[in-house]
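>>> I need the structure of the sequence given here:
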Amino acid sequence: MKWCTCVTLIWIFWTGSVESESPPDPLIVEIPNGKILGLDNGLYYSYESVPYAEPPIGDLRFESPKPYEGHWKDIFNATRPPVACLQWNQFIDDTNKLAGQEDCLTVSIYRPKSTKRSSLPVLVLLHGGAFMFGRASLNGHEYLMRQGTLIVVKISYRVGPLGFVSTGDKDLPGNFGLKDQRLALEWIKKNIAHFGGKPENIVLIGHSAGGASVHLQTLRHDFGQLAKAAVSVSGNALDPWVVQSGARRRAFELGRLLGCGQLHDSVALKKCLKSKPAGEIVSAVKSFLIFSYVPFTPFGPVVEPADAPGAFLTQHPSEVIRSGKFAQIPWLASYTTEDGGYNAASLLEQSNKTGENLIEKLNDRWFDWAPYLLFYRDSFETIKDLDNYSTDIRQAYLGDRRFGLESYWDLQRMFTDVLFKNSVPKALDLHRQYGKSPVYSFVYDNPSVSGVGQVLSKRSDVNFGTVHGDDFFLIFDVGSFRAAIRPDEEIISRNFIRMLEDFSLSDNGTLTFGSCVFEDNVGREHLQHLRITRNGCKNEKFSL
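This is a model prediction of the structure:
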């Protein structure tokens with residue numbers, strides 16, 4: 001009997017030891033909230049729709065996000081793709097463009113299998129969408145997972161009126177979407193090591209409004225505690241569509257449209273808006289569009305009053321940079337040679353009934369539409385000043401010619417310069433004057449076979465050049481915008497991903513693309529950027 005007991009104890013001890021030494025299940029990850037179950041996708045593991053904030057519904061609507069405090073008794077199912085935050089989506093080809101859910105504040109993590117490292121640097125994505133729409137799941141991660149050198153994390157954040165409505169005072173300050181992003185970054189810094197990520201090697205990247213969001217995040221002086229470097233692709237905080245005036249007027253107009261009456265008190269407006277169905281609030285966006293999806297950002301970031309609790313931005317971005325009170329980390333800003341195709345291409349769509357397109361109507365409606373197309377509606381005190389500027393800018397790009405297909409490239413160049421390109425040297429110059437960390441730039445000049453231009457114009461007979469997203473979609477694939485990827489783009493895609501990996505690991509902020517080393521603009525007499533084409537890359541003086 002004693003012998004049997006002894007053998008049994010030995011067997012229990014031995015089997016227990018074997019079990020304790022068995023490798024952990026990579027699909028199960030434990031974080032402070034509990035265990036989560038991921039998914040094996042062949043090349044990588046995914047852990048999707050993990051909450052970082054309490055649902056922004058009910059009393060939490062139009063409030064700063066609250067950290068998620070739930071603790072799961074059972075294993076959390078992280079195999080469901082992230083939902084889009086509730087939005088009025090430009091790319092839904094229907095009169096009803098409502099999509100998404102109000103309960104949407106999650107992060108999704110993707111970890112490649114094929115790696116020799118025990119832990120990996122981390123690339124965090126802020127999706128684009130003009131601060132009005134977009135979703136994390138739209139940005140494919142297959143290129144990144146195939147290369148297998150970076151963990152990817154995608155952040156979902158509030159957009160449109162639910163994310164950015166503001167009365168400009170402490171009662172309804174706005175910037176809720178930016179505050180969502182910040183809280184998500186704090187969550188990633190705290191938890192990414194559980195997924196095999198290096199919390200000290202995080203790079204934040206975004207495109208368009210995502211790029212502008214990245215820049216805005218870096219303007220917080222303590223951002224360096226959350227990320228090592230930042231990349232803004234075709235969007236930065238100084239673009240005219242990012243931080244706008246007139247938000248208070250639009251907020252009360254939103255209330256009037258939803259039946260709140262002619263209010264002038266922010267507390268009353270906020271109370272009324274909280275009582276309305278979220279879908280009705282977001283659907284009201286269509287009343288702020290003068291045609292098509294113009295202006296493309298009726299609700300976006302604002303300068304908040306200093307007394308607003310948890311204020312994110314209390315000065316214009318240019319003033320923040322001049323103060324020197326921003327994060328001293330390496331920053332990369334870029335644009336494409338025809339970025340403005342995103343705005344101009346939709347004017348080429350032909351009416352099924354008449355065959356007309358909007359670009360021809362510009363000849364009669366320029367003074368009405370231009371302030372909304374180019375985001376200077378709230379920049380002038382009088383109609384005369386507004387009209388004079390509209391006349392000057394049309395004259396500068398078209399002279400005495402009319403708007404039409406033959407002058408399309410001049411209109412597209414106007415949109416590129418005003419909405420995307422001109423802000424890049426301004427931002428670079430401010431950063432190099434008032435900052436100490438490396439500041440880089442590139443321009444992408446390599447048209448894709450298909451892209452945003454073809455999608456928005458619904459035409460294939462127009463040469464759009466290198467349009468908004470032609471570079472970014474080689475990092476995060478958006479299949480609906482790109483019919484195919486060429487051999488030269490395969491090489492560029494790999495170089496972009498290697499550039500991001502090196503950026504995350506560099507001790508001194510050095511940045512390379514292929515065989516080219518970026519020129520740091522700090523301390524230089526002339527601004528430099530790297531021109532990337534299908535044939536290679538080269539440093540050159542920034543041409544204005």
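>>> Any idea which helix or strand in this structure has the lowest mean pLDDT?
Least confident helix or strand of the chain, by mean pLDDT, DSSP states H and E, is helix 2-21 with a mean of 45.
>>> Pull the distance from the following helix or strand past that helix to the chain's centre.
With elements assigned by DSSP states H and E, the helix or strand that comes after helix 2-21 is strand 28-31. In terms of C-alpha atoms, centre = their mean, to the nearest Å, the centre of strand 28-31 is found 28 Å from the chain centre.
>>> Buried residues, strand 28-31. List them.
29, 31 (16 or more other C-beta atoms under 10 Å). Every C-beta, even on glycine, is put in place using the N, C-alpha and C of the backbone.
>>> got it, and stretch 65-78?
Residues 65, 68, 76, 78 are the ones in stretch 65-78 that count as buried (16+ other C-beta under 10 Å).
>>> And for stretch 271-291?
Of the residues in stretch 271-291, 272-274, 276, 278, 281-285, 288 count as buried by neighbour count, 16+ other C-beta under 10 Å.
>>> ditto for stretch 217-230
For stretch 217-230, by 16+ other C-beta under 10 Å, it's 217-220, 223-224, 226-230.
>>> In TSV: the residues you listed, plus distance to residue 268, secondary structure and pLDDT.
Below are the buried residues of stretch 217-230 laid out as TSV (distance: C-beta to C-beta, whole Å; DSSP: H, G, I helix; E, B strand; the rest coil; pLDDT from 0 to 100):
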residue	distance to residue 268	secondary structure	pLDDT
217	32	helix	98
218	36	helix	98
219	32	coil	98
220	31	coil	96
223	35	helix	97
224	40	helix	96
226	36	coil	98
227	39	coil	97
228	45	coil	96
229	44	strand	97
230	39	strand	98
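>>> now those in TSV, with distance to residue 160?
Converted to TSV, the buried residues of stretch 217-230 look like this (distance: C-beta to C-beta, whole Å):
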residue	distance to residue 160
217	19
218	24
219	22
220	23
223	25
224	30
226	25
227	26
228	31
229	29
230	24
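>>> Let me have the buried residues of stretch 65-78 in CSV, extended by pLDDT and secondary structure.
CSV is the format used below for those (pLDDT from 0 to 100; DSSP: H, G, I helix; E, B strand; the rest coil):
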residue, pLDDT, secondary structure
65, 98, coil
68, 98, coil
76, 97, strand
78, 97, coil
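>>> can you give me the end-to-end distance of stretch 95-108?
For stretch 95-108, the first-to-last residue distance is 31 Å (C-alpha to C-alpha, to the nearest Å).
>>> in that stretch, what counts as buried?
97-100, 102-108.
>>> Using PDB, list the CA coordinates for the strand ranked longest in the chain.
If you go by DSSP state E, the chain has its longest strand at strand 197-207. Output of strand 197-207 as PDB, limited to C-alpha atoms (Å, rounded to 0.1, in the frame of the first residue of the first chain):
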ATOM      1  CA  GLY A 197       5.700  43.300 -28.400                       C
ATOM      2  CA  LYS A 198       8.500  45.700 -27.300                       C
ATOM      3  CA  PRO A 199       6.900  48.500 -25.400                       C
ATOM      4  CA  GLU A 200      10.100  50.600 -25.900                       C
ATOM      5  CA  ASN A 201      10.000  50.200 -29.700                       C
ATOM      6  CA  ILE A 202       6.600  51.500 -30.700                       C
ATOM      7  CA  VAL A 203       6.100  53.600 -33.900                       C
ATOM      8  CA  LEU A 204       2.800  55.400 -34.500                       C
ATOM      9  CA  ILE A 205       1.700  55.700 -38.200                       C
ATOM     10  CA  GLY A 206      -1.400  57.200 -39.900                       C
ATOM     11  CA  HIS A 207      -2.600  58.200 -43.300                       C
END
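>>> That strand: partners in the sheet, and parallel or antiparallel?
strand 120-126 (parallel), strand 229-233 (parallel) (DSSP bridges).
>>> Take the ones you listed and lay them out in CSV including distance to residue 83.
Listed next are these as CSV, based on distance: least, C-beta to C-beta, whole Å:
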stretch, distance to residue 83
strand 120-126, 16
strand 229-233, 24
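>>> in this protein, which ranges drop under the pLDDT threshold?
For the chain, applying pLDDT under 70 flags the ranges 1-23, 115, 351-354, 544.
>>> just to revisit the earlier point, quickly name whichever of the buried residues of stretch 65-78 is closest to residue 265.
The closest of the buried residues of stretch 65-78 to residue 265 turns out to be residue 65 (C-beta to C-beta; 24.8 Å).
>>> wait, doesn't the closest one sit right on residue 180?
Yes - the criterion here is C-beta atoms under 8 Å, and residue 65 meets it with residue 180 at 5.1 Å.
>>> what's the overlap in contacts for the two?
Common neighbours of residue 65 and residue 180 are listed as 53, 56, 105 (criterion: C-beta atoms under 8 Å, 6 or more residues apart in numbering).
>>> how far away is the nearest residue to the last one once chain neighbours are set aside from residue 138?
Meaning residue 105. Take residue 105 and drop its neighbours on the chain: the residue closest to it by C-beta to C-beta, 6 or more residues apart in numbering is residue 53, 4.0 Å away. According to C-beta to C-beta, to the nearest Å, residue 53 stands 21 Å off from residue 138.
>>> just residue 93 next, same as before
Residue 93 sits 15 Å away from residue 138, going by C-beta to C-beta.
>>> how about the closest residue to residue 510 other than its chain neighbours, phi and psi?
Leaving out its chain neighbours, the residue that sits closest to residue 510 by C-beta to C-beta, 6+ apart is residue 517, at 7.1 Å. With angles defined as degrees, to the nearest 10, residue 517 sits at phi -110, psi 120.
>>> on that earlier part again, could the buried residues of stretch 95-108 go into JSON lines alongside secondary structure and distance to residue 477?
Formatted as JSON lines, the buried residues of stretch 95-108 follow (DSSP: H, G, I helix; E, B strand; the rest coil; distance: C-beta to C-beta, whole Å):
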{"residue": "97", "secondary structure": "coil", "distance to residue 477": "24"}
{"residue": "98", "secondary structure": "strand", "distance to residue 477": "26"}
{"residue": "99", "secondary structure": "strand", "distance to residue 477": "21"}
{"residue": "100", "secondary structure": "coil", "distance to residue 477": "21"}
{"residue": "102", "secondary structure": "coil", "distance to residue 477": "28"}
{"residue": "103", "secondary structure": "coil", "distance to residue 477": "27"}
{"residue": "104", "secondary structure": "coil", "distance to residue 477": "22"}
{"residue": "105", "secondary structure": "coil", "distance to residue 477": "25"}
{"residue": "106", "secondary structure": "strand", "distance to residue 477": "21"}
{"residue": "107", "secondary structure": "strand", "distance to residue 477": "20"}
{"residue": "108", "secondary structure": "strand", "distance to residue 477": "16"}
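>>> What residues does residue 514 make contact with?
Contacts for residue 514 were tallied using C-beta under 8 Å, 6+ apart; they are 491, 495, 536-537.
>>> For residue 67, give me its contacts.
Contacts of residue 67 (C-beta under 8 Å, 6+ apart): 52-54, 183, 186-187.
>>> Spatially, which two of these are the most separated?
Greatest spacing in the contacts of residue 67, by C-beta to C-beta: 54 and 186 (14.3 Å).
>>> who has more neighbours, those two?
Between residue 54 and residue 186, residue 54 has the larger neighbour count (other C-beta atoms under 10 Å), namely 17 against 14.
>>> Quick check: nearest residue in space to the more buried one, chain neighbours excluded?
Nearest residue to residue 54, sequence neighbours excluded (C-beta to C-beta, 6+ apart): residue 66, at 4.3 Å.
>>> Look up how far residue 159 lies from that neighbour.
19 Å.
>>> can you check residue 506 too?
32 Å.
>>> Which of those two has more residues huddled nearby?
Between residue 506 and residue 159, counting by other C-beta under 10 Å, residue 159 is the more crowded of the two (31 against 16).
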